[in-house]
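Chemist: next one to model:
(one chain, ligands or ions: 1)
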Amino acid sequence: MTRRHGLSTISIHGSPRRGADWSPVATPIYQSATFRNPVGSSDEVLYTRYGNNPNQVEIARKYALLEGAESAIFLASGMAATALAHLAVLRPGDHLVSSLWIYGGTRVLFDGEFARHGITVTYVDPDKPRDWRKAVTKNTRAIFVEALTNPTMRVLNVPLLAKLASEHGIALLVDSTFASPINFRPLEHGADIVITSATKYLSGHSDVIAGAIAGSSTVIDEVTRLMRAWGPSIDPHAAWLTERGLKTMALRVERANDNAMAVANWANGRSEFSAVHHPGLKSHPDHALANKLFDGHGGLVGLVVKGGAPAAQKLLRRLKVITHAPSLAGVESLVSEPRLTSHKAFSAAERTAFGIPDGFLRLSCGCEDTADLINDLAGALR
Ligand SMILES: Cc1ncc(COP(=O)(O)O)c(C=O)c1O
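Modeler: From the prediction side, this is the model:
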């Protein structure tokens, strides 16, 4: 799909159009569960659980344009988006091939909930690319990956996986939360469905829990049906805050990209860190792939502090600008220990195998001044 406007313009205006005189510039909040019906009308009723509240419709339209999708939908959380995107394409008895490098909450969903619904999952180590093809069986209906992984910032080869999925007539679902549509748009590279936790870059102020899915109208219609049945629609206020956040997404992501690159370059030269993970660094294993696929390297940096968890926690206690909290992609820089947050569900041995030893800090760079972030880290190390 060709876009008529750039990503910043779309984030602000959607499809720009002349508004009526005296109409509000910002979308008003329709904080209403229901809407008046014409008597005797058999048209679809307006009801906020149905996803047809104007605040919900507006952000879905913008997100579809940003991802270059036919259609999109917002849900009450990123996890709701992950769950319903998969349930839209999988049935009991079906098989899913998933990357091993995924958010812990998604792993819990797959292992606990999908198993209960008769959906089996095989995990592939993306460092063994031949295993993707080997994992596909006659029951496989979908492949799932995170485009930019948490927390080692590895980049998955979406075009290659899209080719494999299309050869087998199965769907490729990509969680692109860490990249955001400003840095990477999976549908442009052959993916079928893109999932995002809108809690992160789309809303961008650490004050909203939301998720979104973009793809073909057929898939989004099915997700809509599931949402109406299961109920995880987005609240109008969360939708309104997301629309407000979207307007500055391009600026925020560009600033976060710059801050993360500067922090990674600074940290790379410091003896206190045994490893620095950022795809913008030449030493990162996916640097070339990131340059090929992405418009920006992302706002996250993985820092492995020498001395393990005690040394990492000493650093955390001394930070003043950077906040110790889970989540990411807000205007404020956040740092967390994945072993206690996103990767708590994994054993220490599994985490070490993923490249997440104790002492690993995941830093989500926000929009503060670069020097203040570096000085905060340098001061904490002193
Ligand atoms: C990559 C990724 N996907 C999905 C989610 C789930 O999002 P939410 O917390 O909005 O449900 C997260 C949460 O951190 C995440 O990091």
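
Chemist: any idea how far the nearest residue to R270 once chain neighbours are set aside lies from K306?
Modeler: Among residues not flanking R270 along the chain, L381 sits closest, at 7.2 Å (Cβ to Cβ, 6 or more residues apart in numbering). Every residue, glycine included, has its C-beta placed from N, CA and C. Look at L381 and K306: by Cβ to Cβ, to the nearest Å, they are 10 Å apart.

Chemist: higher neighbour count, these two?
Modeler: L381 (16 against 13; other Cβ atoms under 10 Å).

Chemist: is the more buried one in contact with A267, as I believe?
Modeler: No - the pair L381 and A267 does not pass the contact test of Cβ atoms under 8 Å, sitting 9.7 Å apart.

Chemist: count the residues that sit near the residue lying closest to G245 once chain neighbours are set aside.
Modeler: Excluding the flanking residues, the one nearest G245 by Cβ to Cβ, 6+ apart is S203, at 3.9 Å. For S203, the neighbour count with other Cβ under 10 Å is 25.

Chemist: how close does the nearest residue to E44 once chain neighbours are set aside get to S32?
Modeler: Distance criterion Cβ to Cβ, 6+ apart; nearest residue to E44, sequence neighbours excluded, is N52 at 6.9 Å. To S32, N52 is 12 Å away according to Cβ to Cβ.

Chemist: which of these two has more neighbours?
Modeler: N52 (17 against 14).

Chemist: just give the nearest non-adjacent residue to the residue of the stretch 51-200 of the chain found nearest the ligand, would you?
Modeler: Taking Cβ to the nearest ligand atom, the ligand has its nearest neighbour within the stretch 51-200 of the chain at G78, 2.3 Å off. Of all residues not flanking G78 in the chain, S197 sits nearest, at 2.6 Å (Cβ to Cβ, 6+ apart).

Chemist: and the residue nearest to R270, what's its pLDDT?
Modeler: L381 carries a pLDDT value of 95.

Chemist: what are the buried residues along the helix-or-strand element of the chain with minimal mean pLDDT?
Modeler: Least confident helix or strand of the chain, by mean pLDDT, DSSP states H and E, is helix 348-353 with a mean of 87. Neighbour counts over helix 348-353 (16 or more other Cβ atoms under 10 Å) mark R351 as buried.

Chemist: and the helix or strand just after it, what other elements does it pack with?
Modeler: Downstream of helix 348-353, the first helix or strand assigned by DSSP states H and E is strand 360-364. Packing partners of strand 360-364 (3 or more Cβ pairs under 8 Å, 6 or more residues apart in numbering; DSSP states H and E): helix 249-268, strand 300-305, helix 308-318, strand 334-336.

Chemist: next SSE after the first one?
Modeler: Right, the one you point to is helix 249-268. Criterion used, DSSP H and E; the element after helix 249-268 is strand 273-277.

Chemist: returning to what we had before: what do L381 and K306 both touch?
Modeler: Contact criterion Cβ atoms under 8 Å, 6 or more residues apart in numbering; residues shared by L381 and K306: E272.

Chemist: helix, strand, or coil at the residue nearest the centre of the chain?
Modeler: With distances taken as Cα atoms, centre = their mean, the residue of the chain nearest its centroid is T177 (1.1 Å). Here T177 is recorded as coil under DSSP: H, G, I helix; E, B strand; the rest coil.

Chemist: I'd say it and K200 touch.
Modeler: Yes - here T177 lies in contact with K200, judged by Cβ under 8 Å, at a distance of 5.3 Å.
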